[in-house]
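Asker: sequence and predicted model, in that order:
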Amino acid sequence: MGKITLGQAAARDTYLIVYCMNHAVQYGGCFHSAEMPMAEAIDRWGERTPLDRLPFVCTRCGSRNVDVRSDHPRGIGGSPK
């Protein structure tokens, strides 16, 4: 079974969290992470796109080996971090 779609994730969460899964030694195991507002992702790729089909690339090491998850906003006032 594939991951949920952007539309399904948007029903409960407001951000996407993208984790780099690059374990390469030269990067010391990158594990960089970044956030994207769910509304921006839906504007780019549509609400029917599954999370595991999003074309993310790590901005630190360039790896395409990333894990995409949905997440609730954190902090005061619903702002991330």
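Answerer: Sure thing, it's come through.

Asker: which residues touch I4?
Answerer: When contacts are counted by C-beta atoms under 8 Å, 6 or more residues apart in numbering, I4 is found next to P50, L51, S70. (Each C-beta comes from the backbone N, C-alpha and C, glycine too.)

Asker: any idea how far A24 is from the second one?
Answerer: Translated: L51. Summarising the geometry, the distance separating L51 from A24, computed by C-beta to C-beta, to the nearest Å, is 24 Å.

Asker: before we move on, what about the first one?
Answerer: Distance of P50 to A24, computed by C-beta to C-beta: 26 Å.

Asker: the more surrounded of those two?
Answerer: When P50 and A24 are compared for neighbours, P50 comes out ahead with 15 against 11, by other C-beta atoms under 10 Å.

Asker: tell me what that one is bridged to.
Answerer: T5 (DSSP bridges).

Asker: that one and A9 touch, don't they?
Answerer: No. Between P50 and A9 there is no contact, the gap being 9.6 Å when judged by C-beta atoms under 8 Å.

Asker: burial of H23, as a residue count?
Answerer: As a measure of burial, H23 has 12 neighbours, counting by other C-beta under 10 Å.

Asker: show me where this structure has helices.
Answerer: Assigned by DSSP state H, the helices in the chain fall at 6-10, 38-45.

Asker: ranking these by burial, who's on top?
Answerer: Taking mean count of other C-beta atoms under 10 Å as the contact definition, the stretch among those with the greatest mean neighbour count is helix 6-10, which reaches a mean of 19.
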